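In: Compute the structure for the input listed below.
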Amino acid sequence: MKKVFLLFFLINSSLLAYPNFIGYGYTSCLTCHYNPFGNGPLTDYGRAVGTTSIVSDTFYGGKDSDLEARGKKSGFMYSEPLNQWLRPSIDYRGLYLKNSIGEDSSQTEYIHMDANINLVLRLGPKENRDKFIISATMGYAPEPRSGAPSDADTYRSREHYIGYRFTPAWGLYAGLMDKVYGIRIPDHIAYGRSVTQNTMNDQTHGLLLHYTNPNWDIGLQAFVGNLAEEETVRQKGFAATAEYTYAPQIRPGASVQMSESEFLKTYSYALHSRIGFGKGNSIMGEIGQTNEELPLRGTENQSRYWTVQAHVLASKGFFLLNTIEYLKADLDEDNKRLRWGPGIQWFLYQGVEWRMDFYNTRVHSENAVTQDEWDFTTQVHLWF
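Out: Here you go, the predicted structure:
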């Protein structure tokens, strides 16, 4: 059941843009997102880039399809923007899961992972509406599989924040957002996301300062936890990340994160890099460590992880994926976990993404090596 619980969180970042799009030359998330570190709704430019440069031409009549017309119709529900100040969007993601393939304990199910409604108010001056924005996302949250009460809320605010860019280089954002740490790799079961507590439900209220220029993206964030949670469990602290453009498609970086509550103190740090090659191809890697302390128990734990994910563009809109991960959950013990996952990702049409993955997991313990476990997932992502 633990494997089922983990795979339940195989949910990608909302909407179309992903960090592997450095393979197209996009090094900074602010180019296509309202959030300077990605996730959440796309800007007008991001939507147009998606439907003209990323999405397959197969269902548009081939390469001779009218890209200019597609770009103009890339707004909400395939329309042109009705005005300059409001940008609505919706998205849905569902997952078919078959775990422990070939074993008696194998289970099959379909999971409605999320359904979000987002509104962005563009309140900046006429010449730059995105200078001052307000973004709010309300989303469906399936009941947890960890034994939570059945009356738990099934809808929640995924994020809500105000953003103001004083200059093209400097921006300040306040509200409920994801923490700025590491590569926001789309798979939330990735060890770099789960071990550091940066998965789909780990948003926090705080203040984010962002700096960008052609060579740098730097984020400094102070946070106080999610105010919807009980005071005693809110993780308060800070996070920081920085990426440097070493070459047009090479972006090394580093991140650090510290937080604490009455029950838990954590400190995480990582080195990471995104590299694009050819057109549309990329490889991303992150290696990091997390130190945890439980003050009431007087115990400490150190864990280490690394993740490498490659995307190869087979044809326009169609990617071959390969992910390799390592986790040593306790540095004082000899146990470690290896996970490998080949897959495919296809952007069939504007607003339609299909993905299929296999996951092979092997656990090496001090006394034995477990039998390989195979899981299969396929998911559909719709956004309009």
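In: where does the protein dip in pLDDT?
Out: Counting by pLDDT under 70, the chain contains low-confidence ranges at 1-17, 62-65, 142-153, 368-369.
In: so where do the helices sit in it?
Out: Listed in chain order, the helices of the chain (DSSP state H) span residues 2-8, 44-49, 67-72, 191-194.
In: Pull the residues that contact the third one.
Out: If I follow you right, that is helix 67-72. Helix 67-72 is contacted from outside by 48, 51-52, 60, 80, 350, using C-beta atoms under 8 Å, 6 or more residues apart in numbering. C-betas here are computed from N, CA, C, even on glycine.
In: Over to the last one?
Out: Taking C-beta under 8 Å, 6+ apart as the criterion, the residues outside helix 191-194 that touch it are 6, 9, 182-183, 185, 187-188, 198-199, 270, 286, 288, 305-307, 325-327, 339.
In: distance between that helix and the chain's centre?
Out: For helix 191-194, the distance from its own C-alpha centre to the chain's C-alpha centre is 11 Å (C-alpha atoms, centre = their mean, to the nearest Å).
In: before we move on, the earlier item: columns neighbour count and distance to residue 319 on top of the contacts of helix 67-72, output as a markdown table?
Out: What follows is the contacts of helix 67-72, written out as a markdown table (neighbours: other C-beta atoms under 10 Å; distance: C-beta to C-beta, whole Å):
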| residue | neighbour count | distance to residue 319 |
| --- | --- | --- |
| 48 | 21 | 20 |
| 51 | 21 | 17 |
| 52 | 19 | 17 |
| 60 | 18 | 18 |
| 80 | 11 | 29 |
| 350 | 23 | 17 |
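In: quick one: residue 84 and residue 131, what's the gap?
Out: With distances taken as C-beta to C-beta, to the nearest Å, residue 84 is found 12 Å from residue 131.
In: Check residue 257 too.
Out: Taking C-beta to C-beta as the criterion, residue 257 is separated from residue 131 by 29 Å.
In: follow-up on the earlier one: which ones among the contacts of helix 67-72 lie within strands?
Out: Using DSSP state E, no member of the contacts of helix 67-72 falls within strands.
In: which one of the residues you listed is nearest residue 217?
Out: Ranked by distance to residue 217 (C-beta to C-beta), the contacts of helix 67-72 are led by residue 48 at 21.9 Å.
In: list the contacts for the closest one?
Out: 71-72, 74.
In: and what of residue 218?
Out: 210-212, 240-243.
In: quick one on the thing from earlier: compare residue 84 and residue 131 and say which one has the larger neighbour count.
Out: Regarding residue 84 and residue 131, a neighbour count based on other C-beta atoms under 10 Å identifies residue 131 as having more, with 17 against 11.
In: so the more buried one touches residue 165, yeah?
Out: Yes - with contacts defined as C-beta atoms under 8 Å, residue 131 counts as touching residue 165 at a distance of 5.1 Å.
In: just to revisit the earlier point, most neighbours, which of the contacts of residue 48?
Out: Of all the contacts of residue 48, the highest neighbour tally under other C-beta under 10 Å goes to residue 74, namely 24 neighbours.
In: What is the neighbour count of the residue lying closest to residue 136 once chain neighbours are set aside?
Out: In space, residue 136 comes closest to residue 160 once its chain neighbours are excluded; the distance is 4.2 Å by C-beta to C-beta, 6 or more residues apart in numbering. Other residues near residue 160 number 17, with proximity taken as other C-beta under 10 Å.
In: got it, and the one 5 residues further on?
Out: For residue 165, the tally of surrounding residues (other C-beta under 10 Å) stands at 20.
In: Which residues are in contact with it?
Out: Residues touching residue 165, when contacts are defined by C-beta under 8 Å, 6+ apart, comprise 130-132, 171-172.
In: residues touching residue 44, list them.
Out: Counting by C-beta under 8 Å, 6+ apart, residue 44 makes contact with 74-75, 81, 87.
In: 7 Å instead?
Out: If you count contacts by C-beta atoms under 7 Å, 6 or more residues apart in numbering, residue 44 has them with residue 81.
In: For residue 76, see how far away it is.
Out: The gap separating residue 44 from residue 76 is 11 Å, by C-beta to C-beta.
In: What segments of the stretch 151-300 of the chain are strands?
Out: When assigned using DSSP state E, counting those that start in this stretch, the strands of the stretch 151-300 of the chain occupy the ranges 155-165, 170-177, 204-212, 216-225, 236-244, 250-260, 265-277, 281-294, 299-315.
In: typo on my end, the stretch 1-150 of the chain
Out: Going by DSSP E, counting those that start in this stretch, the stretch 1-150 of the chain shows strands at 86-99, 107-122, 132-140.
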